[in-house]
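Undergrad: With the sequence up front, the predicted model follows.
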Amino acid sequence: MDKTVATARDAVADVPDGASLAVGGFGLCGNPMALIEALLDVGSANLSVVSNNCGVDDWGLGLLLGARRIGTMTSSYVGENKEFERQYLSGELTVNLTPQGTLAEKLRAGGAGIAAFYTQTGVGTQMAEGGLPRRYNPDGSVAEASTAKGTREFSVDGVMKPFVLEEAITTDFSFVHALRGDRHGNLVFNKSARNFSPLAAMAGRICVAQVEQLVEPGEIDPDAVHLPGVFVHRIVEVGHDIEKRVERRTVREAEGAAS
């Protein structure tokens, strides 16, 4: 039952080239940086990564992207990473753009053993009808586009409405960052760092969690557990003094400052 691993590198050492990986976090909040940096050191390449976003040029998943370790990226928001834009538009990166709520549910469904689900999100758009560029040629033409998804009508409040079929996501591995965890893998996340992290953890066949504080089983109130240890396979303590960056810092002007 003791799932602790001594170092982040030991925890990710068996991630092979071509592996699929779900990564928790929201913006730069809750990024499992120790695991990302360890994977960068391991050298795994041609990764298929699923995460809400791809970090920024020098932080988060942007480190793996900048080192050309990611071959396919499934995300909902990519607007803060210039290298992401460059690789995508030049044909170096395959991208599956996915609505944020749909991405969350695809991960949750994968972890819950649900193969697919219907949603109204994307009906009438390229998300459902196909044609959304997944990969470009170097000359800017579309090398590969998304295919059409199945649709079906369901009655909602007595009115038939169209829904699009979305397949669940499961991955070989998942990486998450938590505020606290015990040796059995039960995790507690801190505020918005909880966004996507439990879902990403559930989707991975092997979930690796880095925690700021490692405690003994029983020290976490069962009602406070955000992710049960049944979903977590490896846990490594990284301490409270790790670097945490702010993606876009906005501050109020001092009183009396010129407008």
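TA: Arrived safely, thanks for sending. Numbering: from 1, shown residues only.

Undergrad: how much space between residue 224 and residue 215?
TA: Between residue 224 and residue 215 the computed distance is 11 Å (Cβ to Cβ, to the nearest Å). In this view, the C-beta of every residue, glycine as well, is placed from N, C-alpha and C.

Undergrad: Of those two, which one has the most company?
TA: residue 215 (15 against 9; other Cβ atoms under 10 Å).

Undergrad: Helix or strand for residue 104, just tell me which one.
TA: For residue 104, the host element (DSSP states H and E) is helix 100-112.

Undergrad: right, and the helix or strand after that helix?
TA: Using DSSP H and E, the next helix or strand after helix 100-112 towards the C-terminus is strand 116-119.

Undergrad: ok, now which ones touch the residue positioned nearest the centre of the chain?
TA: By Cα atoms, centre = their mean, the chain has its centre lying nearest to residue 51, at 2.2 Å. By Cβ atoms under 8 Å, 6 or more residues apart in numbering, the contact list for residue 51 reads 22-25, 61, 73-75, 196, 200.

Undergrad: can these go into TSV with extra columns for distance to residue 34, secondary structure and pLDDT?
TA: Formatted as TSV, those follow (distance: Cβ to Cβ, whole Å; DSSP: H, G, I helix; E, B strand; the rest coil; pLDDT from 0 to 100):
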residue	distance to residue 34	secondary structure	pLDDT
22	17	strand	98
23	13	strand	98
24	13	coil	96
25	13	coil	90
61	14	coil	95
73	21	strand	97
74	23	strand	98
75	22	strand	96
196	18	coil	94
200	16	helix	97
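
Undergrad: Out of those residues, which comes closest to residue 146?
TA: Taking Cβ to Cβ as the measure, residue 74 is the one of the contacts of residue 51 closest to residue 146, at 11.5 Å.

Undergrad: tally of neighbours for the closest one?
TA: Using other Cβ under 10 Å, residue 74 has 22 neighbouring residues.

Undergrad: what does the helix or strand residue 71 falls within rub up against?
TA: Assigned by DSSP H and E, residue 71 belongs to strand 70-75. By Cβ under 8 Å, 6+ apart, the surrounding residues in contact with strand 70-75 are 18, 45-54, 61, 64-65, 84, 93-98, 103, 169.

Undergrad: Do a quick rundown of the helices in the stretch 51-200 of the chain.
TA: 62-66, 82-89, 100-112, 126-129, 197-203 (DSSP state H, counting those that start in this stretch).

Undergrad: where are the low-confidence patches of the protein?
TA: The chain contains residues with pLDDT under 70 at 256-259.

Undergrad: go with 80
TA: Scanning the chain for pLDDT under 80 picks out 79-80, 245-249, 254-259.

Undergrad: Thanks again, I'm all set now.
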